[in-house]
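K.L.:
Show me the folded form of this:
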Amino acid sequence: MSQIKLSFEKQILKTKMPFGISYGTKSDAKNILVKLTYENITGYGEAAPAPYHGETIDTVLALLQAWSESDILGDDPFAITEINQKLDKFISENYAAKCAIDVALHDLSGKLANLSISKMLGLSGLQTQMPQTDFTIGLDTIEIIKQKTSDALKEGFQILKVKQGTANGIEYDKQIIKAIREVAPNNTLRVDANGGWTPKQAVAMSHFLAEQKVQYIEQPIHKHSSAQDFKYVKDHSALAIFADESVMRAKDIIRLADCVDGVVMKLANTGGIQAGLKFIQMARAYDLEVMIGCMLESSCGITAAAHLAPLADYLDLDGALLLANDPFNGATCKSGLLEIKDAPGLGISPTSLSGLESKL
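P.N.:
Predicted coordinates:
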């Protein structure tokens with residue numbers, strides 16, 4: 001039988017504008033495109049490593065090189081569970097690298113079966129139930145934040161996610177919200193502090209944000225905060241609290257299940273589609289709401305997450321919309337509504353920017 005062949009290459013994804021969060025500001029994302037080939041069919045996956053999760057482009061490349069030189073992928077593209085188990089035994093964590101393999105396997109097996117990932121997962125017909133995605137307003141000067149907000153409204157976005165946790169303190173965070181409310185007085189706002197506040201600051205900000213009619217707060221305190229700190233924030237907050245960086249895989253939900261109102265699932269954090277499904281199921285078992293989020297990713301990663309979107313209460317799948325050089329055509333977005341093609345696998349194709357056409 002044919003072996004699954006692994007190849008990969010770096011991607012420098014440029015943002016349309018500098019993108020700022022509490023961890024810092026950047027103008028590009030250094031991701032890795034993974035290609036798994038079996039009998040002349042190629043499946044695509046994307047690794048979007050985050051240094052604050054202990055992964056870099058170098059750690060991902062090192063793992064992919066090791067896996068390409070081994071027989072860990074075997075000769076059965078449909079053996080996704082077995083392969084994921086092997087990857088977990090090979091090394092702990094490193095979920096962005098594992099995500100790229102998992103997504104590429106789903107894309108490859110879908111193409112071999114001539115079925116979309118949605119159909120393979122039994123989610124056919126649910127795409128019309130997909131929530132609207134928000135659009136993220138990153139940290140910047142007040143004037144640029146206002147301009148970003150205005151541009152998002154012109155594109156028809158009804159829901160905005162506002163980054164907070166600035167180095168300038170919570171008073172500047174408040175200025176950001178007030179400035180956005182000047183431009184978008186009636187739009188739904190969500191706030192993401194990326195762990196930038198202390199528990200007491202989070203509680204204080206929750207009451208201000210409630211006055212500004214914000215929907216909920218995502219990751220108000222540091223990712224390594226104790227369950228007691230999360231519980232303190234939840235018990236005293238005027239708004240619902242979601243955990244993001246603090247919950248990577250399904251097992252992480254158990255620690256915070258009584259301390260938050262919801263959790264954020266990102267494929268790059270869970271390790272891919274299969275682990276993402278387990279994450280969502282665990283959240284539902286604890287009666288938690290679910291938001292599906294993303295990193296700065298191309299339409300390869302975003303489309304993979306969009307196949308699971310009907311299972312979520314909220315979406316933050318705007319990563320590819322922030323890019324100036326998306327190498328793939330995939331899920332489309334109109335006024336916050338995502339649509340994926342009913343095509344084999346992910347349903348993506350290279351763009352003229354990708355340089356992949358000659359390699360298909």
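K.L.:
What is the end-to-end distance of stretch 47-66?
P.N.:
Looking at stretch 47-66, the gap from its leading to its trailing residue is 15 Å under the measure CA to CA, to the nearest Å.
K.L.:
Any buried residues in that stretch, and which?
P.N.:
47, 48, 49, 50, 53, 55, 57, 59, 60, 61, 63, 64 (16 or more other CB atoms under 10 Å). The way it works is simple: take the backbone N, C-alpha and C, and place the C-beta from them, glycine included.
K.L.:
quick one: average pLDDT of that stretch?
P.N.:
The average pLDDT for stretch 47-66 rounds to 96.
K.L.:
residues in contact with that stretch?
P.N.:
By CB atoms under 8 Å, 6 or more residues apart in numbering, the residues outside stretch 47-66 that reach it are 6, 8, 10, 23, 29-32, 34, 90-91, 93-97, 99-100, 223, 245, 248, 268-269, 294-297, 301.
K.L.:
Recalculate using a threshold of 6 Å.
P.N.:
8, 23, 30, 31, 32, 96, 97, 100, 268, 295, 297 (CB atoms under 6 Å, 6 or more residues apart in numbering).
K.L.:
With stretch 309-318 instead?
P.N.:
The contact list for stretch 309-318 (CB under 6 Å, 6+ apart) reads 123, 126, 129-131, 133-136, 161, 280, 289-294, 302, 305.
K.L.:
element containing residue 37?
P.N.:
With elements delineated by DSSP states H and E, residue 37 resides in strand 24-38, which encompasses its position.
K.L.:
That strand: what's the following helix or strand?
P.N.:
Going down the chain from strand 24-38, the next helix or strand is strand 41-47, by DSSP H and E.
K.L.:
Could you list the paired strands of that following strand along with their orientation?
P.N.:
Partner strands for strand 41-47, per DSSP bridges, with pairing direction: strand 24-38 (antiparallel).
K.L.:
buried stuff in the strand it pairs with?
P.N.:
Of the residues in strand 24-38, those buried by neighbour count under the rule 16+ other CB under 10 Å are 28, 29, 30, 31, 32, 33, 34, 35, 36, 37, 38.
K.L.:
Then stretch 105-124?
P.N.:
Using 16+ other CB under 10 Å as the burial criterion, the residues of stretch 105-124 that qualify are 105-112, 115-121, 123.
K.L.:
For the buried residues of strand 24-38, please prepare CSV with the additional fields pLDDT.
P.N.:
Listed next are those as CSV, based on pLDDT from 0 to 100:
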residue, pLDDT
28, 91
29, 92
30, 94
31, 97
32, 98
33, 97
34, 98
35, 98
36, 98
37, 98
38, 97
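K.L.:
wait, what's in contact with the closest residue to residue 173 other than its chain neighbours?
P.N.:
For residue 173, ignoring the flanking residues on the chain, the nearest one in space by CB to CB, 6 or more residues apart in numbering is residue 164 at 4.5 Å. When contacts are counted by CB under 6 Å, 6+ apart, residue 164 touches 173, 191, 193.
K.L.:
one more time with 10 Å, if that's ok
P.N.:
Contacts for residue 164 were tallied using CB atoms under 10 Å, 6 or more residues apart in numbering; they are 21-22, 139, 170, 172-174, 176-177, 191-194, 196-197, 202, 205, 209, 214, 217-220.
K.L.:
wait, doesn't residue 38 sit right on residue 77?
P.N.:
Yes: the pair residue 38 and residue 77 qualifies as a contact (CB atoms under 10 Å) at a distance of 5.0 Å.
K.L.:
and for those two, which residues touch both?
P.N.:
2, 4, 105, 108, 109, 111, 112.
K.L.:
Closest one to residue 261 out of the residues you listed, please.
P.N.:
Comparing the shared contacts of residue 38 and residue 77 against residue 261 with CB to CB places residue 105 closest, at 33.2 Å.
K.L.:
Quick check: the closest one is in a helix.
P.N.:
Yes: membership of residue 105 in a helix is supported by DSSP: H, G, I helix; E, B strand; the rest coil.
K.L.:
Not counting sequence-adjacent ones, nearest residue to it?
P.N.:
Spatial nearest neighbour of residue 105, excluding adjacent residues (CB to CB, 6+ apart): residue 80 at 4.9 Å.
K.L.:
burial count for the one you found?
P.N.:
Residue 80: 19 surrounding residues under other CB atoms under 10 Å.
K.L.:
who touches it in this structure?
P.N.:
Each residue near residue 80 by CB under 10 Å, 6+ apart is listed here: 101, 102, 105, 106, 108, 109, 120, 272, 273, 274.
K.L.:
quick one: pLDDT of it?
P.N.:
According to the prediction, residue 80 has pLDDT 98.
K.L.:
Look up phi and psi at it.
P.N.:
The phi and psi torsions at residue 80 (degrees, to the nearest 10) take the values phi -70, psi -40.
K.L.:
what's the offset of the longest strand along the chain from the middle of its chain?
P.N.:
Here the longest strand in the chain is taken by residue count, with DSSP state E as the criterion, and it is strand 5-21. Offset of strand 5-21 from its chain centre (CA atoms, centre = their mean, to the nearest Å): 14 Å.
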